[in-house]
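Asks: my questions are about this predicted structure, shown below with the sequence.
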Amino acid sequence: MLPNGPPVGYPVQFRVSGDDPQVLNRIANEVAALMETHPATRDVNLNWGEPRRALKLVIDQDKARVLGLTSDDIRKTLAATLSGTSLTEFREGDKTIEVLARGRADERNIASAVSDVNIYTPSGRFVPISQVAKIDVVLEEGRTWRHNRLPTITVRADVAGGVQPPDVTEALLPQIDAIRARLPSGYYIDTAGAWYESRINSQPIQDAFAVIIFVVLVLLMFQLQSFSKTMMVVLTAPIGLIGVVAALLLFRAPMGFVAQLGVIALFGMIMRNSVILVDQIHRDIQAGHDPWSAIREAAVSRFRPIMLTAAAAVLAMIPLTRSELWGPMAIAIMGGLIVATLVTLLFVPALYAAWFGVRQPGEEPVRNTAWIMSPLALVQRLTSRLIASKTLRKVQS
């Protein structure tokens, strides 16, 4: 499958870092065996750690010293035969072509070069390299990956369909921590893959979230000119989560990074509808309507504009639902906005009436209950009682 966002390759990854490749291989195989036990992992593998056959030049240092040769002399002679030595450069138009002197194609093999190539000694004689060196077949690492300048083996796995990679990683972390606890000194296991990338990408939003909330509260205060009404509007924002969860479960869409962006945008849309209702109620009360009628008429008069704007936003999101990347965001906004719009038209008027103690004309008000619904009124009431108590003490004294 084609991944979305930053390329991570296999979505579930753990990096094992240390100095000794053999120890790394042992730890990585232990991590791989643990990952294979999870029912959602597929194709668990290591990015390196399988030795390859290689030809190694072993120099007899005693013989080389007798002939006055060093390892560097032998290396340079073999390099000139196998790779070539730069003699000059040839210019052809605007291109520069390097001229190399090296052995024939049938001689550019390290096994035949050791037996056939002669090396010039300080004594003025030519000696076959086979007199001072031999070829051994060994097993060595064909590739070494490094992370933070340490050799690192990455244990990787794919996941089954319908399962989110961060959830699989979260399920494996407690068992990985048990392996971490018994690691030798200088060896580490880091979490990578989709789990790591999702946290890196969401961190800037989390860092700026407090600033975003502060700016939203300031703008609401400028619009509503009331602490109580501002808090009332803010309390309506979480209503959209009901529709978000239902829509994501219904369409089996992941609650990933783009869906979280959709939820943040959804909160703004819901609070906008609440501001429209609260502001209309306030305008009707200022126009001379009694509070009960103002609440009722505001909900009726604002019903069509709120429903039409919500419907326009929902319909605009339909084409995005087919997108692999933006689909979860569109589904989250659609589900949350549909439910929140319907609930807001009932919830905000009821909350306004309960918050400010509004009663239907002719109904006897319940004493000492309206102030309970308003935190600001509660603070004012407690403050007035405290001042009255201090004043009474001064009079008595």
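Replies: That came in fine, so what should we check first?
Asks: dump the residue contacts of Val275.
Replies: Contact analysis of Val275 by CB atoms under 8 Å, 6 or more residues apart in numbering lists Leu220, Gln223, Leu224, Val233. Placement of C-beta: from N, CA and C, glycine included.
Asks: narrow the residues you listed to those that are buried.
Replies: Leu220, Leu224, Val233 (16 or more other CB atoms under 10 Å).
Asks: do you know how far Ser130 is from Ile119?
Replies: From Ser130 across to Ile119, the span is 10 Å (CB to CB, to the nearest Å).
Asks: more neighbours, these two?
Replies: Between Ser130 and Ile119, counting by other CB atoms under 10 Å, Ile119 is the more crowded of the two (21 against 14).
Asks: find the nearest non-adjacent residue to the more buried one, please.
Replies: Thr77 (4.7 Å; CB to CB, 6 or more residues apart in numbering).
Asks: SS state for the one you found?
Replies: Look at Thr77: counting by DSSP: H, G, I helix; E, B strand; the rest coil, its state is helix.
Asks: contacting residues around it?
Replies: Neighbour list for Thr77: Val117, Ile119, Tyr120, Ile129 [criterion: CB under 8 Å, 6+ apart].
Asks: my guess is the second one is in a helix, correct?
Replies: No. Counting by three-state DSSP, one finds Ile119 to be strand, located in no helix.
Asks: quick revisit: ok, the contacts of Thr77 vs Ala313, which is closest?
Replies: Nearest to Ala313 among these, counting by CB to CB, is Val117 at 77.4 Å.
Asks: can you verify my assumption that the closest one contacts Leu82?
Replies: No. Using CB atoms under 8 Å, Val117 is not in contact with Leu82; the gap is 9.0 Å.
Asks: between those two, which one's more packed in?
Replies: The neighbour count for Val117 versus Leu82, taken as other CB under 10 Å, is higher for Val117 (20 against 15).
Asks: which stretches of the stretch 101-250 of the chain form helices?
Replies: For the stretch 101-250 of the chain, the helices defined by DSSP state H, counting those that start in this stretch cover 110-116, 165-181, 193-224, 227-235, 240-251.
Asks: pick the most deeply packed of the ones you listed.
Replies: helix 227-235 (a mean of 19; mean count of other CB atoms under 10 Å).
Asks: if we can go back for a sec, may I ask which two of the contacts of Val275 are separated the most?
Replies: Greatest spacing in the contacts of Val275, by CB to CB: Gln223 and Val233 (8.9 Å).
Asks: and Leu241, how close does it get to Val263?
Replies: For Leu241, the distance to Val263 - CB to CB - is 7 Å.
Asks: what of Phe356?
Replies: 30 Å.
Asks: I'd guessed Glu30 sits against Ile179; true?
Replies: Yes. Counting by CB under 8 Å, Ile179 is a contact partner of Glu30 at 6.2 Å.
Asks: out of the buried ones among the contacts of Val275, which one has the weakest pLDDT?
Replies: Ranked by pLDDT, those bottom out at Leu224 (84).
Asks: can I get stretch 44-62 in PDB, CA atoms only?
Replies: These are the backbone C-alpha positions of stretch 44-62, laid out as PDB (Å, rounded to 0.1, in the frame of the first residue of the first chain):
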ATOM      1  CA  VAL A  44       8.600  -9.100  10.500                       C
ATOM      2  CA  ASN A  45      12.100  -8.500   9.200                       C
ATOM      3  CA  LEU A  46      15.500  -6.800  10.000                       C
ATOM      4  CA  ASN A  47      17.000  -4.200   7.700                       C
ATOM      5  CA  TRP A  48      20.400  -5.800   8.100                       C
ATOM      6  CA  GLY A  49      22.200  -8.400  10.100                       C
ATOM      7  CA  GLU A  50      22.600 -11.300   7.600                       C
ATOM      8  CA  PRO A  51      26.300 -11.900   7.000                       C
ATOM      9  CA  ARG A  52      27.600 -12.200   3.400                       C
ATOM     10  CA  ARG A  53      30.500 -14.100   2.000                       C
ATOM     11  CA  ALA A  54      33.500 -11.900   1.300                       C
ATOM     12  CA  LEU A  55      37.100 -12.200   0.200                       C
ATOM     13  CA  LYS A  56      39.600 -10.900   2.700                       C
ATOM     14  CA  LEU A  57      43.200 -10.100   2.000                       C
ATOM     15  CA  VAL A  58      45.400 -11.500   4.800                       C
ATOM     16  CA  ILE A  59      49.000 -10.100   4.800                       C
ATOM     17  CA  ASP A  60      51.900 -12.000   6.300                       C
ATOM     18  CA  GLN A  61      53.500  -9.100   8.100                       C
ATOM     19  CA  ASP A  62      56.800 -11.000   8.800                       C
END
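Asks: tell me the mean pLDDT over it?
Replies: 83.
Asks: and that stretch, how far out from the chain's middle?
Replies: A distance of 37 Å separates the centroid of the chain from that of stretch 44-62, by CA atoms, centre = their mean, to the nearest Å.
Asks: and what of stretch 135-145?
Replies: The answer for stretch 135-145 is 37 Å, by CA atoms, centre = their mean.
Asks: do the same with stretch 293-308
Replies: 41 Å.
Asks: now for the helix or strand containing Arg65, which elements pack on it?
Replies: If you go by DSSP states H and E, Arg65 is part of helix 61-66. Under the contact definition 3 or more CB pairs under 8 Å, 6 or more residues apart in numbering; DSSP states H and E, helix 61-66 sits against helix 71-82.
Asks: I figured Leu325 hits Val258, correct?
Replies: Yes. Using CB under 8 Å, Leu325 is in contact with Val258, at 6.5 Å.
Asks: okay, buried residues for stretch 270-281 please.
Replies: Quick answer for stretch 270-281 (16+ other CB under 10 Å): Ile270, Met271, Asn273, Ser274, Val275, Ile276, Leu277, Val278, Asp279, Gln280, Ile281.
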